[in-house]
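In: pasting the structure only:
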Ligand code: MN
């Protein structure tokens with residue numbers, strides 16, 4: 001094996017609930033507009049689109065309980081409560097019926113978004129990378145293994161509070177494209193690999209958070225992530 005000319009980057013990873021072991025993260029994919037009411041609140045028609053995807057770098061991950069600085073280059077930082085899917089077995093062109101067999105576990109997450117930069121990117125037909133993939137933008141809770149807890153039911157509630165006040169509340173069954181369909185679509189665009197995470201979209205009710213706010217995302221059976229903005 002050859003030497004690297006600079007120190008190799010650290011392997012990004014997320015904690016696994018109930019153990020000291022960690023899940024190594026390869027890539028982070030995110031689904032846009034996967035809850036109808038959220039698509040409408042952003043000015044889109046939820047009935048007309050197949051799922052689409054964007055990405056965040058793996059080293060944008062933020063742990064389950066963290067205080068982060070208010071990010072640079074924005075005056076409109078938004079929370080987005082999301083179910084995070086961790087891929088344990090890779091594959092391409094995965095059939096919906098086999099998709100859940102590729103999932104290692106799940107977590108509660110928060111797809112932090114510089115909404116003003118996203119609006120600018122949309123209006124100028126530019127990419128979303130700097131709106132979505134900035135440092136510390138991918139909040140991910142402890143992963144709960146499918147082997148211990150199974151798959152979360154459609155009735156599971158996903159909730160986001162800011163300073164204790166409920167801002168988002170839906171069930172996972174409200175997703176336009178459920179997890180098997182997301183995996184089927186995404187694996188026809190790229191070959192999924194072990195270590196990939198998929199953020200599955202956010203319900204209606206997104207809004208701004210500012211310095212001093214405490215944003216908490218919880219999903220039945222998967223615990224919570226609590227992010228404090230310094
Ligand atoms: Mn999102």
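Out: Great, that's in hand. Just so it is clear, the model here is predicted, and its values are computed rather than measured.

In: Just the closest residue of this protein to the ion, please.
Out: residue 111 (3.5 Å; Cβ to the ion). Placement of C-beta: from N, CA and C, glycine included.

In: count of neighbours near that residue?
Out: The number of residues packed near residue 111 is 27, by other Cβ atoms under 10 Å.

In: And residue 218, by the same measure?
Out: Look at residue 218: counted by other Cβ under 10 Å, it has 18 neighbours.

In: My reading is that it is in a strand; is that accurate?
Out: Yes - with DSSP: H, G, I helix; E, B strand; the rest coil as the criterion, residue 218 is assigned to a strand.

In: Could you check how far residue 92 is from residue 117?
Out: According to Cβ to Cβ, to the nearest Å, residue 92 stands 32 Å off from residue 117.

In: Which strand in the protein has the most residues?
Out: Taking DSSP state E as the criterion, the chain has its longest strand at strand 103-111.

In: Next secondary structure after that strand?
Out: strand 113-114 (DSSP states H and E).

In: Just checking, which helix or strand succeeds that next one along the chain?
Out: helix 115-124.

In: Give me the contact status of the helix or strand following that following helix with the ion.
Out: Beyond helix 115-124 in the direction of the C-terminus, DSSP H and E gives the next helix or strand as helix 129-132. No - shown here: helix 129-132 not in contact with the ion (Cβ under 5 Å from the ion), separated by at least 7.7 Å.

In: I'd like to know which elements helix 129-132 is packed against.
Out: Counting contacts by 3 or more Cβ pairs under 8 Å, 6 or more residues apart in numbering; DSSP states H and E, helix 129-132 packs against strand 52-56, strand 113-114, helix 115-124.

In: List the buried residues of that helix.
Out: Buried residues in helix 129-132, counting neighbours by 16 or more other Cβ atoms under 10 Å, are found at 131-132.

In: How far off centre is stretch 17-31?
Out: Centre-to-centre, stretch 17-31 and its host chain are 11 Å apart (Cα atoms, centre = their mean, to the nearest Å).

In: What is the end-to-end distance of it?
Out: Distance between the two ends of stretch 17-31: 24 Å, counting by Cα to Cα, to the nearest Å.

In: How many residues are close by residue 144?
Out: The tally of other residues near residue 144 (other Cβ under 10 Å) stands at 23.

In: still on that earlier bit, quickly run through the sheet partners of the longest strand of the chain, with directions.
Out: Here strand 103-111 has these sheet partners by DSSP bridges: strand 81-87 (antiparallel), strand 138-140 (antiparallel), strand 144-145 (antiparallel).

In: For the spatially most central residue of the chain, give me the backbone phi and psi.
Out: The centroid of the chain falls nearest to residue 199 when counting by Cα atoms, centre = their mean (2.8 Å). Phi and psi for residue 199, reported as degrees, to the nearest 10, are phi -90, psi 130.

In: what's the distance between it and residue 76?
Out: Counting by Cβ to Cβ, the gap from residue 199 to residue 76 is 20 Å.

In: thinking again about what came up before, okay, the closest residue to the residue of the chain closest to the ion other than its chain neighbours: pLDDT?
Out: Nearest-residue entry for residue 111: residue 80, 4.0 Å, with adjacent residues in sequence omitted and distances by Cβ to Cβ, 6 or more residues apart in numbering. pLDDT, residue 80: 98.

In: same question, residue 1
Out: We note a pLDDT of 62 for residue 1 in this prediction.

In: Kindly report the same for the one 5 residues further on.
Out: For residue 6, the model assigns a pLDDT of 97.
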